[in-house]
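Student: any chance you can model this:
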Amino acid sequence: MKRLFFTTAVVVALALISVSSKAQEAAVHHELRIVIYPEEARFTAKDSVTVTEALVPESQFLLHKGLEPISTTPGVSIVRETERPGTVPLESFKVKLPHGQNSFVLEYGGKIDHPLEPYGKEYARGFRQTPGLISGEGVYLSGDSFWYPIFDEAFVTFRLEAELPVDWNGVSQGERTRYVREGDTTSMQWDSPEPQEEIFIVAGRFVEYTQRAGQIEAMAFLRAPDPELANRYLDATARYVAMYEKLIGPYPYRKFALVENFWETGFGMPSFTLLGPKVVRFPFILHSSYPHEILHNWWGNGVFPDYSIGNWAEGLTAYLSDHLIKEQRGNGVEYRQATLQKYADYVIEGRDFPLVKFHARHSSSSEAVGYGKSLMFFHMLRRQLGDEVFIQGLRDFYQKNRFRFASFDNLRQSLELVSGVDLTREFDQWVKHPGAPELSVIRASVVLEGDDYVLTALLEQVQPGRKYLLRIPVAVTLEGQEKAFQTVVAMEERRHELRLRVPSRPLRLDVDPEFDLFRRLDREEIPPALTRAFGAQKMLILLPSSTNDCLLQAYQKLSESLSRSGPDEVEVKLDTEVESLPPDRAVTLLGWENRFQSEILLALSEYDVTIDRNGVSIGESRAQRDNQSVVLTARLSENRDLSLTWVASDLPEALPGLGRKLPHYHKYSYLVFEGAEPVNVVKGRWPVLNSPMTVFLPLRNGPIPKVDMAKLAPREPLITLPTVFSQKRMMETIRFLSSDAMKGRGFGTQELDEAARFIASKFREAGLAPAGDTKGSYFQVWKDRGGDPERQVTMRNVVGVIPGHRPDRQGESVVVGAHYDHLGLGWPDVRQGNIGKIHPGADDNASGVAVLIELARVLGKTLNPDRSIVFVAFTGEEAGRRGSRYYVANQKRYPLERCIGMVNLDTVGRLNKKIFVLGASSAREWIYIVRGAGYATGVDVKAVPEELDSSDQKSFHEGGVPAVQLFSGPHADYHRPTDIADRIDADGLLKVASLVKEIIEHLSGRERPMTHTLVAGKEVETVPKKGRKISIGTIPDFAFTGDGYRLSGVLPGSPAESSGLRGGDVIVKVGSRAVHNLQDLSEILKSLNPGDTISITFLREEKEMTVDAVVVER
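Tutor: As a prediction, the model looks like this:
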């Protein structure tokens, strides 16, 4: 199945080929030999056709007009019958075969040259289409172009021999059984014994990459050499095919190929996908659209949907790819909420239809039904039947219908067979009828009965029309309970009296808290977002009359682009042409100078947003007017069911890009873009403040507290993606390094030397080449003084390398580092009361070393980098970065001036959703590199603007090398005996390793050095800097980017706790000295002595407060 917007052309032309049981078995076979002349936009073909019994002795076929077919088979008659004008001009031919013969040879040829054209509302997304195009830039021929004879049968099988110019290559379905470059031609053969709906051939000047992936061939065809990109796709192919084979059954083809197209597309064909040159390089595609296209080889291209009674394949594929990946990354709830919001915002009056009428996406509303409603239906079936039974049903459906047409009814039969449950009513109400239920909670109350509490509430279906059978999840937050009480309520009538007996007083009732039901959401359940603007029936766009002519013209063009993005009816006016905003249509305001700008701020008064003459503050983020563009969405004050959107930029050159990109950011409430391209730097959704599906319940004495929802039961994803990294191995490394036997890996100790030998052995096992001082050694060795008592010791960095393969990159390197030392029994940063105790250092920094070793193990076997990747386990970090400073000053084999970047892994074992990146300001490109890696891996990455000199990346900064530290965040166990292995987030280690792998692979193949912002040549210190020796016991919040120093928490028993400070407070002043960031607070504390009393001014919920605290010794 090819998911293009013109897919139905074939269906229409053939008058909706019927899918009879006979057609299920029958297939016309083509033995094709074609020669393509790209520069002449033409081809010649010889086709040996074998028809089915139903087509003997007479049949008709369709062919593109002008191809002049003749048959060289004796006794065969070919007669032109009619012409069919249209986008693709066709000719109908009658073929008559001699008695007893079912095959004949057809020769034909000519030009096929249909220019690329935009398609309807999808124009705004940048989509263009062609049924067929032969050009010097590339070749694309689909069944829609009728480049081969198409008969009145559902399926074809084929063998395709293609001849192209010598520097060209071609791809079709099935398996490539021959490939020869000889003389001035390239010839190949593709065999597809598997039944297909149509035949494709795409061609271009490709660079080919291949890799075995189990039983199949993974292939990549790129338009320019890019081994890094190709390897990422080949690796993803292997992993996703393995996952889906485990989930569903054997992959139905012999290969899967990524093919780079010559215009922007996102097409999926049997056994290959065709992605545009920009699309293929988007970092998020690898784990979003790409697995979606791989999965379509099971659903759509392995089992075919019977379009005449509904396309189930898109919804099932979206559920088992897009939704599954979000679920694997812990974002399933957010994905389902956004899916339901699309339905609420796009599927308004006149746009709904039942799933049995869905054929293909042609608009946002058809996507919201055909993909969104369908995937939610499969989610509800899974929740009803359970994961194991749901998977068994999918496997049964696949096994029975492979390479056959199948329907929703076939799916139902498989699920009923394995479950023993009659699902007729479910399939009837969700598949055969349009619409969605709407829920309301009418009232809720609590009474005490004996030792238990009884919660009652009235649930009502308030939608017009039919009632639904619903299984409604509910969660009750109970007094004194960390976990919520959860159950599922069966609702068969329009009203249902909910009655729950619970052991503690209920404080809060949440109905469908994880968005498990397909339903039309109440407007207050979802935040304002661009979906509401693009889904509007009518929109008014107001231009800023007072702006300059250049900007006004750019805004006018932007308004044209927005008009094509979805709204049915759009009116564009100057802001001086209206006196007030109309309440009967969506409104979009353009420009900083728009005279209705204050309306957007009024509409967003519930959220943390401020607008001033220099920019916009959105929570912790700041958008500067001079180089950034801002998009804010809200609800109209006079009609909260309609959207109010504000788009502002002082960069005329950025507005065309905004017009192209905004439809792709439809789910977001606010956006910030930077520069002329423009590049998205901030995105988010407003919080839901007053959901009608949440009811707060009164306490015994009457007050109604607004408590947070208690923890819900964790859910496992349907299946997990095989990972190349081993959580078990990383945890074993951490447990060894942080064991009591290693005594904290203190400065100059024999345990630290043992750790160095352990790391060297792991580097050797990983296949890293030794890169120490002497041949065959992993050690960089020198003498230094330190410790308690001070003494001379032998210091060792452990250095291994994956050598680069490009001769012109010899000597160039990327350094990946982690320090392996810790505090031993406390020196040099022991806290009060911990002198003489073992400091295990599990997070700091056995976690970083574990990830470093695991990266070496994986990349040492798979990466063939352009430049060398140097893995360094540094010693002496706790004693003043001794190891990294020595490496920077003394490394000769991979000199510093040829090091393009360094990644430091320090304290990465306590991942709490975000991974922080310190030092990203050392090069302009870092923010884009780490953000791209975050997109690709699903890891939430936060760049911290403050420059902190606490770890080994600082040594590289001093040497003029762009470097970052990955850091999972501060915690109360830092530099304390409680930093133990049992508190490590093992799942988080996998995320960190995946993120760093993406960064390393990018840096290893990067063509140009990064644009660093450092000044090299600073004096290198060889002893620890004198730090502050007193503390107030606060834990910083590195996610905060606003003014001040925000706390993520406080240490138990600390001055901060005693004074009443808590997580979320923002310190803005100590005494009379302002605090703008962590560095300011640190400098202030350095000037104090234990026992000093300080006055701390802080903000809590926007109110300024002041407390006193007595500082103590650290």
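Student: how far away is residue 1050 from residue 448?
Tutor: Note on residue 1050: its distance to residue 448, by C-beta to C-beta, to the nearest Å, is 37 Å. From N, CA and C alone the C-beta is placed, and that goes for glycine too.
Student: between these two, tell me which one has more neighbours.
Tutor: residue 1050 (22 against 10; other C-beta atoms under 10 Å).
Student: could you pull up phi and psi at the residue nearest to the more buried one when sequence neighbours are not counted?
Tutor: Of all residues not flanking residue 1050 in the chain, residue 1056 sits nearest, at 4.0 Å (C-beta to C-beta, 6 or more residues apart in numbering). Main-chain torsions, residue 1056, degrees, to the nearest 10: phi -60, psi -50.
Student: residue 523 contacts residue 643, correct?
Tutor: No. Look at residue 523 against residue 643 with C-beta atoms under 8 Å: they stay out of range, at 10.5 Å.
Student: surely residue 367 is within a helix?
Tutor: Yes. Remark: residue 367 belongs to a helix, assigned using DSSP: H, G, I helix; E, B strand; the rest coil.
Student: which ones are touching it?
Tutor: Listed by C-beta atoms under 8 Å, 6 or more residues apart in numbering, the contact set of residue 367 reads 342, 346, 361.
Student: and what of residue 504?
Tutor: By C-beta under 8 Å, 6+ apart, the neighbours of residue 504 are 453, 478-481.
Student: overlap in contacts of residue 523 and residue 643?
Tutor: Contacts common to residue 523 and residue 643, judged by C-beta under 8 Å, 6+ apart, are residue 635.
Student: neighbour count: the two, which is higher?
Tutor: Comparing residue 523 with residue 643 by other C-beta under 10 Å, the one with more neighbours is residue 643, at 27 against 16.
Student: show me where the stretch 351-500 of the chain has helices.
Tutor: With helices called from DSSP state H, counting those that start in this stretch, the stretch 351-500 of the chain shows them at 364-367, 374-385, 387-401, 408-419, 424-431.
Student: returning to that earlier point: the residue nearest to residue 1050 contacts residue 1108, correct?
Tutor: No. Residue 1056 is not in contact with residue 1108 according to C-beta under 8 Å; the separation is 11.6 Å.
Student: rewinding a little: show me the contacts of residue 504 that map onto strands.
Tutor: Among the contacts of residue 504, DSSP state E puts 453, 478 in strands.
Student: number of nearby residues for residue 576?
Tutor: The number of residues packed near residue 576 is 12, by other C-beta under 10 Å.
Student: residues contacting it?
Tutor: Here residue 576 is in contact with 545, 595 (C-beta under 8 Å, 6+ apart).
Student: also residue 172?
Tutor: Residue 172 touches 160, 162, 190, 192, 199-202, counting by C-beta under 8 Å, 6+ apart.
Student: would you list those in CSV and tack on distance to residue 1006 and pLDDT?
Tutor: Shown next, in CSV, are these (distance: C-beta to C-beta, whole Å; pLDDT from 0 to 100):
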residue, distance to residue 1006, pLDDT
160, 39, 99
162, 36, 98
190, 35, 99
192, 39, 97
199, 40, 98
200, 34, 98
201, 35, 98
202, 29, 98
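Student: out of the residues you listed, who's the most crowded?
Tutor: That'd be residue 200 among the contacts of residue 172, by other C-beta under 10 Å, with 27 neighbours.
Student: surely that one and residue 143 touch.
Tutor: Yes. When contacts are counted by C-beta under 8 Å, residue 200 is listed as touching residue 143 (7.4 Å).
Student: for residue 933, which non-adjacent residue is closest in space?
Tutor: That would be residue 998: by C-beta to C-beta, 6+ apart, it lies 3.7 Å from residue 933.
Student: isn't the one you found up against residue 937?
Tutor: Yes. Using C-beta under 8 Å, residue 998 is in contact with residue 937, at 5.9 Å.
Student: which of these two has more neighbours?
Tutor: Neighbour count, other C-beta under 10 Å: between residue 998 and residue 937, residue 937 has more, with 25 against 21.
Student: quick check: pLDDT value at the more buried one.
Tutor: Looking at residue 937, its pLDDT is 88.
Student: what residue ranges in the stretch 751-900 of the chain score low on pLDDT?
Tutor: The model of the stretch 751-900 of the chain has no residue with pLDDT under 70.
Student: and the strands in it, which stretches?
Tutor: Taking DSSP state E, counting those that start in this stretch as the test, the strands found in the stretch 751-900 of the chain are 769-770, 779-786, 791-802, 813-819, 868-874, 899-905.
Student: okay, those in TSV with distance to residue 58 and mean neighbour count next?
Tutor: TSV is the format used below for these (distance: least, C-beta to C-beta, whole Å; neighbours: other C-beta atoms under 10 Å):
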stretch	distance to residue 58	mean neighbour count
strand 769-770	72	17
strand 779-786	83	17
strand 791-802	66	22
strand 813-819	68	28
strand 868-874	67	28
strand 899-905	69	27
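Student: between these, which one is nearest to residue 543?
Tutor: strand 899-905 (44.6 Å; C-beta to C-beta).
Student: re the thing from before, now the contacts of residue 504: which count as buried?
Tutor: 453, 478-479, 481 (16 or more other C-beta atoms under 10 Å).
Student: number of nearby residues for the nearest residue to residue 520 once chain neighbours are set aside?
Tutor: Leaving aside its chain neighbours, residue 520 sits nearest to residue 436 (4.4 Å; criterion: C-beta to C-beta, 6+ apart). Residues lying near residue 436 (other C-beta under 10 Å) number 21.
Student: residue 436 against residue 339, yeah?
Tutor: No. Checked against C-beta under 8 Å, the pair residue 436 and residue 339 is beyond contact range at 11.9 Å.
Student: residues touching the residue nearest to residue 467 when sequence neighbours are not counted, list them.
Tutor: Leaving out its chain neighbours, the residue that sits closest to residue 467 by C-beta to C-beta, 6+ apart is residue 494, at 5.2 Å. Shown in contact with residue 494 (C-beta under 8 Å, 6+ apart): 460-461, 467.
Student: among the residues you listed, which one has the most neighbours?
Tutor: Highest count within the contacts of residue 494 by other C-beta under 10 Å belongs to residue 461, 19 neighbours.
Student: distance of that residue from residue 691?
Tutor: 18 Å.
Student: ok, for residue 606, nearest residue in space, not its chain neighbours?
Tutor: residue 689 (5.9 Å).
Student: residue 767 now?
Tutor: Using C-beta to C-beta, 6+ apart, the nearest residue to residue 767 is residue 860, at 4.1 Å.
Student: same check on residue 639?
Tutor: residue 583 (4.3 Å).
Student: count of neighbours near the one you found?
Tutor: Neighbour tally, residue 583, other C-beta under 10 Å: 12.
Student: so what's it scoring on pLDDT?
Tutor: 95.
Student: contacts only, for it.
Tutor: 636, 638-639, 642.
Student: now the two most distant members of these.
Tutor: 638 and 642 (8.5 Å).
Student: and those two? Which one has more around it.
Tutor: Set residue 638 next to residue 642 and count neighbours by other C-beta under 10 Å: residue 642 wins out with 22 against 15.
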